[in-house]
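[1] Dropping a prediction and its sequence here:
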Amino acid sequence: MTQLEDRFEHHSPTPEGSSAQVETTDKVRITTPENICGMGHRMKRKEDPRFIQGKGNYVDDVKLPGMLYMDIVRSPYAHAKIISIDDSEALAMEGVVAVIKGQDLEAAGNLHWMPTLMSDTQMVLPIDKVIYYAQEVCVVIATDRYIAADAIEKIHVEYEPLPAVVDPREALKDEVIVREDKEKPTNHIWHWEAGDKEATDKVFAEASHVVKVQIYLPRLHVSSIETCGMVANYNKVTEHMQMYMTSQAPHAHRTVFSMVSGLPEHKVQIISPDIGGGFGGKVPIYPGYVCCAVASLVTGKPVKWIEDRSENLQADSFARDYHIEAEMAADDNGKITGLRVNTISDCGAADAAANPSKFPAGLYSICTGSYDMKAAHVVVDGVYTTKPPGGVAYRCSFRVTEAVHMIERLTDIMAAEVGEDPADFRLKNFIRPDQFPYKSPTGWEYDSGNYEAALKKAMEMIDYRALREEQAAKRERGELMGIGISSFTEVVGAGPSKDYDILGIKMFDSAEIRIHPTGKAIARFGTKSQGQGHETTYAQIIAEELGLPAADIQIEEGDTDTAPYGLGTYASRSTPTAGAAGAMAARKIKAKARKIAAHLLEVGEEDLEWNVDKWQVKGSPDQAKTIQEIAFAAYTNHPQGMEAGLEATDYYDPPNLTFPFGSYICVVDIDTGTGEVHVRRFVAVDDCGNIINPMIVEGQIEGGLTMGLAPALFEEIVYDENGQNLTGTFADYLLPTAVESPKWELGKTITPSPHHPLGAKGVGESPTVGAPPAIANAVVDALSHLGVKHIDIPITPDKVWKLLRDNGVTD
Amino acid sequence: MSHHSITLNVNGEEVTGEVESRMLLVHFIRENLDLTGTHIGCDTTSCGACTVLLNGRAIKSCTLFAVQANDKSIETIESVANGGLHPLQEGFWEKHGLQCGFCTPGMIMSAKQLLADNPNPTEEEIRWGISGNLCRCTGYTKIVEAIEYAADKISNPTSEEVSS
């Protein structure tokens, strides 16, 4: 495959009515009684009874008769020629069934390479050389997981090490070529631009103030507590391939598996059972999945592959790795006028990110954030290095976290430059409520927002002005306290299908609802929950629309044989897309129910009005038919000429993305002796439009905040100069525990989306996006009197201690 | 590889097994006994998803050999509900103390020992008590509230029943 074409971001015009000024409130809307439990109710989760009793069903819990186990030989080098692979000793071991190497996959129909979701290619198993540390070299199939683990030690691979290149700026010199399979001998993959260069250069030339920052957002790992895995079960007689898979996108994965393997799609079934966290790490297809499927094809038996944590931390599920150079311009009134950004995206050994096809840098061009400015220009270049493929989301909508970190850091730097308080500076520069729908300089049309309301609420909750006084007093005493703000804008819910696709498959999503004669229902969706609580929230959406109790609605996802086709759950897209599809399918049912009710009540359809759970005669509410009565009639007494049954399907194609937002304020205290940062308070005001289940929204926000704290203070995947991963266990890659995590203080405003059928927006990732710059800004604020303007995350005690020592604060 | 016969009490019932000396207790529980509520989340004793009680003490079953549990008693998540949900299970459900559910059994087992040792823990004591268990979804606040709920429920058993 040739290198990807250079790309320039274009946005299709947004349909009229999909964006608007809407009122902001802080009251959750509830229209149904508690027994129905529609939107706004704090309904306890329907999925929880099985999880709290140890009865979940995760991939590693699947046990099939005659099941074999797969283990993987991985490369000890980041870059090396493979001279030979000797598997004779392993094959002679009792219990070893097969060894599969790159040559075997090639002979089976060029399966040694596979497409990535970004239209690049990636090795499944190598033949000539390895290009990242811990790369899959060959796999062993055995009757027992211990035997498989023993056998990989008995496979002798001879390598000839080649120089590694781990810094993308070095890689751009093209002295070490990572991908010798490509037509052009270069590590440069693609060049991408958004915005208007000429207009931006003009704004900068006329600016009174220009500030600049270099930011490295290090490689992160999603570290869902469940690693990746599969049980592949190929039946040689029926030629049916069943795969239990840790998949956030089972339908898209089925299509890719079918197209790559040549197995007809109706013979491929992916079951994504309970998933132990995803965060983007279970969106790509990794070599282990393909090898496991091939192993079952070859042996005709079920084969299980479950990654060890150390494999997971070394080979897949990586995010970020952006080297950013950004400048901001402002006029002499301290009004932001422009943004200019150059970024290098370290993709690793393949561009295997999970971005929509047209967007190799994801939605990074949202980087003008919550601020109104005249012009912006953003450039990103994708580069290969000898590291595992990266680019998964880490709980964010396609590179929004990178964009928000950059703009929120720059905004603080500019506020300091013009001598204004960072809160006042934000309030002055926000996009105003009357500017919505807001067309951004890089082409986005923000659907709705009220940034001022969110920041003012956060300032009130934390008593911002009093904190500034406290800080001034403490600074007099030599104590280090900082206050950091982040006022972020998210962009979630991909997407309008005209602009968004994964490998050509449009990013709609789907719902199918069937109401049974007794008024109970089953509904299936094209998404796949990994903890988000879809079994509860989707039931509440249908309850809201149809008045059926949410408790009476069973929700299913993840089995491609039964669920309607959808693109899956990531990038906070489930509520904006599949949730909307659920509402629209319910409305189709409601329309049919009206015809049945008119028939039963012997009135015209136009004489009926909807009231929570029934169609009633206008002006005569005693004459009514409940949804349950109508459901029974749909099977027992439907009008002649009408199809029996009460069911509907909807494939929802959103007219625009949704733009959740919020303002976070963080207070840190820094130990002047050790450099340790303590988060004393953290107030988070989120606005995700109308709320389906406030309890679940709070849970999503608290969890997301902790996943924002993590990269701000603790997490970083580190490679040495040879490309060896130095952070390959949880002893080195530090996830926050309950002790490091603060007690989050939540607030909310509600500014509905004007185009979503329920007025809802996504929420699960906002806090991961918004929290890191709030913490970083707080630490820089605590040290600003020492001349500190920027610190790269993670802000570890040793980084802070060195700054304190260099400035004579400690010795 | 040498084999051993082991006899232990698991969730109140005596079980026997033939195991290799190297077999991890977590694999014995999950694969030989089919008690898959106990999970595996790492290979360095860091995450706590595999936490069970061994003679009443919370241990990480990925770091113990099955033979080391010979003649001992094991409690797993499957034994916690006893004629109805345990207050901890109620608390996790009521307070939204779980999302993907993968860490939940280990959390509940650690919390069970915590409350056995300290029936009225402070928030700080709860946080330290579950610091050997990683959760990637919840941010811990609601887990802490779930354990506080259970502590309160156990101390005041007459308080109102939670509907299920």
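    Cool, got the structure. Numbers count the residues shown, from 1 in each chain, chains lettered A, B, ... in the order given.

[2] Please count neighbours and contacts with C-alpha atoms only from this point.
    Noted.

[3] can you give me the helices for chain B?
    Using DSSP state H, the helices of chain B run over B:25-27, B:87-94, B:104-117, B:123-129, B:141-155.

[4] any low-confidence regions in chain A?
    Along chain A, the parts satisfying pLDDT under 70 run over A:1-7, A:17.

[5] no, scratch that, I was asking about chain B
    Along chain B, the model assigns pLDDT under 70 to residues B:159-164.

[6] ok, back up a step: got JSON lines for the helices of chain B, with distance to A:Ile515 too?
    What follows is the helices of chain B, written out as JSON lines (distance: least, CA to CA, whole Å):
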{"stretch": "helix B:25-27", "distance to A:Ile515": "43"}
{"stretch": "helix B:87-94", "distance to A:Ile515": "28"}
{"stretch": "helix B:104-117", "distance to A:Ile515": "33"}
{"stretch": "helix B:123-129", "distance to A:Ile515": "45"}
{"stretch": "helix B:141-155", "distance to A:Ile515": "35"}
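
[7] Can you work out which other helices and strands pack against the host helix or strand of A:Asp150?
    Taking DSSP states H and E as the criterion, A:Asp150 maps to helix A:145-152. Counting contacts by 3 or more CA pairs under 8 Å, 6 or more residues apart in numbering or on different chains; DSSP states H and E, helix A:145-152 packs against strand A:68-74, helix A:88-91, strand A:96-100, strand A:136-142.

[8] picking up where we left off before, out of the helices of chain B, which gets nearest to A:Leu410?
    For A:Leu410, the closest of the helices of chain B is helix B:141-155, at 31.2 Å, according to CA to CA.

[9] list the helices and strands that closest one packs on?
    For helix B:141-155, the packing partners by 3+ CA pairs under 8 Å, 6+ apart come out as helix B:87-94, helix B:123-129.

[10] what angle sits between it and helix B:87-94?
    Helix B:141-155 runs at 140 degrees relative to helix B:87-94, counting by axes from the mean of the first three to the mean of the last three CA atoms, to 10 degrees.

[11] export helix B:141-155 as CSV, just CAs?
    Extracted in CSV, the C-alpha atoms of helix B:141-155 (Å, rounded to 0.1, in the frame of the first residue of the first chain):
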residue,chain,number,x,y,z
THR,B,141,-15.6,7.8,45.1
LYS,B,142,-18.8,5.7,44.7
ILE,B,143,-16.9,2.6,45.8
VAL,B,144,-16.0,4.4,49.0
GLU,B,145,-19.7,5.4,49.4
ALA,B,146,-20.8,1.8,48.7
ILE,B,147,-18.5,0.5,51.5
GLU,B,148,-19.8,3.2,53.9
TYR,B,149,-23.3,2.1,53.0
ALA,B,150,-22.5,-1.5,53.9
ALA,B,151,-20.7,-0.5,57.2
ASP,B,152,-23.8,1.5,58.2
LYS,B,153,-26.1,-1.4,57.2
ILE,B,154,-24.1,-4.0,59.1
SER,B,155,-23.9,-1.7,62.2
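
[12] from memory B:Met1 sits against A:Asp150, does it?
    No - counting by CA atoms under 8 Å, B:Met1 stays clear of A:Asp150, with 11.7 Å between them.

[13] Ramachandran coordinates for the closest residue to chain B within the stretch 51-200 of chain A?
    Using CA to the nearest CA, the closest approach of the stretch 51-200 of chain A to chain B is made by A:Gly54 at 3.8 Å. Dihedral angles of A:Gly54 (phi, psi; degrees, to the nearest 10) stand at phi 70, psi 20.

[14] List the contacts of it.
    Contacts of A:Gly54 were listed using CA atoms under 8 Å, 6 or more residues apart in numbering or on different chains, and they are B:36-38, B:77-78, B:105.

[15] Go back to these and keep what's next to chain A.
    Restricting the contacts of A:Gly54 to those near chain A by CA under 8 Å from any CA of the partner chain leaves B:36-38, B:77-78, B:105.

[16] Out of the residues you listed, which comes closest to A:Tyr464?
    Looking across those and measuring by CA to CA, the closest to A:Tyr464 is B:Pro105, at 40.4 Å.

[17] how many other residues sit next to the residue lying closest to A:Thr442 once chain neighbours are set aside?
    Nearest residue to A:Thr442 in three dimensions, chain neighbours excluded: A:Gly195, at 4.3 Å (CA to CA, 6 or more residues apart in numbering or on different chains). The number of residues packed near A:Gly195 is 22, by other CA atoms under 10 Å in any protein chain shown.

[18] So A:Gly195 sits against A:Ala375, correct?
    Yes - distance between A:Gly195 and A:Ala375: 7.4 Å, which falls inside the contact criterion (CA under 8 Å).

[19] Name the residue in B:Met1 and A:Asp150 with the higher neighbour count.
    When neighbours are counted by other CA under 10 Å, B:Met1 and A:Asp150 differ, and A:Asp150 comes out ahead with 17 against 7.

[20] How about residue 54, nearest residue that isn't a chain neighbour?
    All of this refers to chain A. B:Gly37 (3.8 Å).

[21] Switch to chain B, please.
    Closest to B:Leu54 by CA to CA, 6+ apart is B:Ile74, at 4.8 Å.

[22] repeat for A:Trp801
    A:Gly675 (4.3 Å).

[23] from what I can see that neighbour touches A:Val800, true?
    Yes - here A:Gly675 reaches A:Val800: they are 4.8 Å apart, a contact under CA under 8 Å.

[24] From B:Ile143, how far out is the spatially most central residue of chain B?
    Centre of chain B computed as the mean C-alpha position; nearest residue by CA atoms, centre = their mean is B:Met109, 2.3 Å away. B:Met109 is 13 Å from B:Ile143, where distance means CA to CA, to the nearest Å.

[25] again with A:Ala731
    Counting by CA to CA, the gap from A:Ala731 to B:Ile143 is 23 Å.

[26] Tell me which of these two has more neighbours.
    B:Ile143 (28 against 12).

[27] I figured the more buried one hits B:Glu94, correct?
    No - if you go by CA under 8 Å, B:Ile143 and B:Glu94 don't touch, sitting 10.4 Å apart.

[28] What segments of the stretch 51-200 of chain A are helices?
    A:88-91, A:102-107, A:145-152, A:168-171, A:197-206 (DSSP state H, counting those that start in this stretch).

[29] Can you work out which other helices and strands pack against the next helix-or-strand element following the longest one?
    Okay, so that is helix A:197-206. Under the assignment DSSP H and E, the closest C-terminal helix or strand after helix A:197-206 is strand A:209-221. With contacts defined as 3+ CA pairs under 8 Å, 6+ apart, strand A:209-221 has these neighbours: strand A:318-330, helix A:400-418.

[30] Show me the contact partners of strand A:209-221.
    For strand A:209-221, the external contacting residues (CA under 8 Å, 6+ apart) are A:204, A:313, A:317-332, A:390, A:394, A:402, A:406, A:410, A:413-414, A:417-418, A:711, A:715-718, A:790, A:792-793.

[31] Among these, name the buried ones.
    A:204, A:313, A:317-331, A:390, A:394, A:402, A:406, A:410, A:413-414, A:418, A:711, A:715-718, A:790, A:793 (16 or more other CA atoms under 10 Å in any protein chain shown).

[32] quick revisit: closest to chain A among the contacts of A:Gly54?
    After measuring the contacts of A:Gly54 against chain A - CA to the nearest CA - the closest member comes out as B:Gly37, at 3.8 Å.

[33] Show the contacting residues for the closest one.
    By CA under 8 Å, 6+ apart, the contact set of B:Gly37 is A:53-56, B:30, B:76-78, B:105.
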